[in-house]
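Chemist: Fold the following, please.
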Amino acid sequence: MSVEQACGAEPLIHFDAVSLQFAGLGNRAPLDVLQALSFAVAVGEFVAIIGPSGCGKSTLLSLLAGYMRPTGGTVLFAGAPVERPGRRRMMVFQQPALFPWLTVRANVAFGLTLQANREVGRNVRARVEEMLKLVQLDSFAHHYPSELSGGMRQRLEIARALAVNPDVLLMDEPLGALDALTRRRMQDEILRIWQQTGKTVLFVTHDIEEALLLADRVLVMAPRPTSIREITQVDLPRPRRRDDPEVIRLAAHLGSLLA
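Modeler: Numbering: from 1, shown residues only. Just a heads-up that it's a prediction; the model follows:
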């Protein structure tokens, strides 16, 4: 499927033949990480990214976030090359990077006080309250991160990312550190937040079932040097059930691609 077929004439995100090579140290040969990788993502789309450990899934997000630059090809966001980090592309990590000395409310407000986000944060208090209600932490506004459960801390991390009103959430295994029950609850929470906000989401996970429950499409990456093995469309109504025969069939298919 072409970029135009997948996302229309002007996708929000476009990786155009992107390659990344790390220079070798000493006598070591250079390390090819990504190899001529091309795909596109439409506004409001939820795309999950799966692949073997070390294949470059997190690296792909870092390129889009502007933390790294490709050695070949172009990463385009809203039609322009990504050259530096910016508030329109916010990262959510596996381990929440919260300030332990700040309350829940102050953690969400922090990004809005930065000079680069002043335009978004003209009414900081109203924006913070809106985000706390969205992630259902408004009754914990005066608590500190140490007083929250793992799932609540992850919701707080999402609220902090959303507070600056990004176009895209880049989620790097955001549920990987949670226990199984909390992880299932957070899958529902992420789906609810995505449906309420309409944000574009790129979601890295090692969990095939999780990818199928959440995403519009699943991008399957090959071992390093990484290319795209397949992009699987998930045409199933939400909420999706783990015991749905089509989810089971797709999970088996994706598993075979990663075997």
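Chemist: State the number of residues packed around residue 214.
Modeler: 25 (other C-beta atoms under 10 Å). In this view, the C-beta of every residue, glycine as well, is placed from N, C-alpha and C.
Chemist: which regions of the stretch 1-150 of the chain sit below the pLDDT cut-off?
Modeler: Scanning the stretch 1-150 of the chain with the threshold set as pLDDT under 70 gives 1-9, 26, 115-122.
Chemist: residue ranges of the strands in it, please?
Modeler: Counting by DSSP state E, counting those that start in this stretch, the stretch 1-150 of the chain has these strands, from start to end: 13-22, 31-41, 46-50, 72-77, 80-81, 89-92.
Chemist: For the third one, what is the distance to the chain centroid?
Modeler: With C-alpha atoms, centre = their mean, to the nearest Å as the basis, the distance from the averaged C-alpha position of strand 46-50 to the chain average is 8 Å.
Chemist: same thing with the fifth one?
Modeler: Counting by C-alpha atoms, centre = their mean, strand 80-81 is centred 19 Å from the centre of its parent chain.
Chemist: contacts for it?
Modeler: The contact list for strand 80-81 (C-beta atoms under 8 Å, 6 or more residues apart in numbering) reads 74, 75.
Chemist: do the same with the fourth one
Modeler: The contact list for strand 72-77, computed with C-beta under 8 Å, 6+ apart, reads 12-21, 36-38, 63-64, 81-82, 88-89, 168.
Chemist: what does stretch 22-29 give?
Modeler: Here stretch 22-29 has contacts from 30, 31, 33, using C-beta under 8 Å, 6+ apart.
Chemist: thought the second one was touching residue 19?
Modeler: What it means is residue 31. No: the pair residue 31 / residue 19 is not scored as a contact, 11.8 Å apart, by C-beta atoms under 8 Å.
Chemist: Which one's more surrounded, those two?
Modeler: Under the criterion of other C-beta under 10 Å, the comparison of residue 31 against residue 19 puts residue 19 first, with 17 against 13.
Chemist: Now residue 89: closest residue in space that isn't a chain neighbour?
Modeler: Nearest non-adjacent residue to residue 89, counting by C-beta to C-beta, 6 or more residues apart in numbering: residue 168, 4.8 Å away.
Chemist: partners of the one you found in the sheet?
Modeler: residue 89, residue 200 (DSSP bridges).
Chemist: That one: neighbour count?
Modeler: 24.
Chemist: is it true that it touches residue 64?
Modeler: Yes: the pair residue 168 / residue 64 is scored as a contact, 7.4 Å apart, by C-beta under 8 Å.
Chemist: shared neighbours of these two, anything?
Modeler: Contacts common to residue 168 and residue 64, judged by C-beta under 8 Å, 6+ apart, are 13, 77, 89, 202.
Chemist: residue contacts, residue 102?
Modeler: Here residue 102 is in contact with 110, 144, 145 (C-beta under 8 Å, 6+ apart).
Chemist: Can you give me the distance of it to residue 134?
Modeler: Distance of residue 102 to residue 134, given as C-beta to C-beta, to the nearest Å: 19 Å.
Chemist: Can I have the buried ones of the contacts of strand 72-77 as a PyMOL selection?
Modeler: Of the contacts of strand 72-77, the buried ones can be selected in PyMOL as follows, counting by 16 or more other C-beta atoms under 10 Å:
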select buried, resi 12+13+14+15+16+18+19+20+37+63+64+82+89+168
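Chemist: all helices for the stretch 151-259 of the chain, in order.
Modeler: Residue ranges of the helices in the stretch 151-259 of the chain, as given by DSSP state H, counting those that start in this stretch, are 180-197, 208-214, 245-258.
Chemist: which other helices and strands contact the shortest one?
Modeler: Think helix 208-214. strand 46-50, helix 180-197, helix 245-258 (3 or more C-beta pairs under 8 Å, 6 or more residues apart in numbering; DSSP states H and E).
Chemist: which one of these is the most hemmed in?
Modeler: strand 46-50 (a mean of 25; mean count of other C-beta atoms under 10 Å).
Chemist: Using PDB, write out every CA atom in that one.
Modeler: The C-alpha coordinates for strand 46-50 follow below in PDB (Å, rounded to 0.1, in the frame of the first residue of the first chain):
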ATOM      1  CA  PHE A  46      -3.200   4.700  16.400                       C
ATOM      2  CA  VAL A  47      -0.200   2.700  15.100                       C
ATOM      3  CA  ALA A  48       1.500   0.000  17.200                       C
ATOM      4  CA  ILE A  49       5.100  -1.000  16.500                       C
ATOM      5  CA  ILE A  50       6.300  -4.500  17.300                       C
END
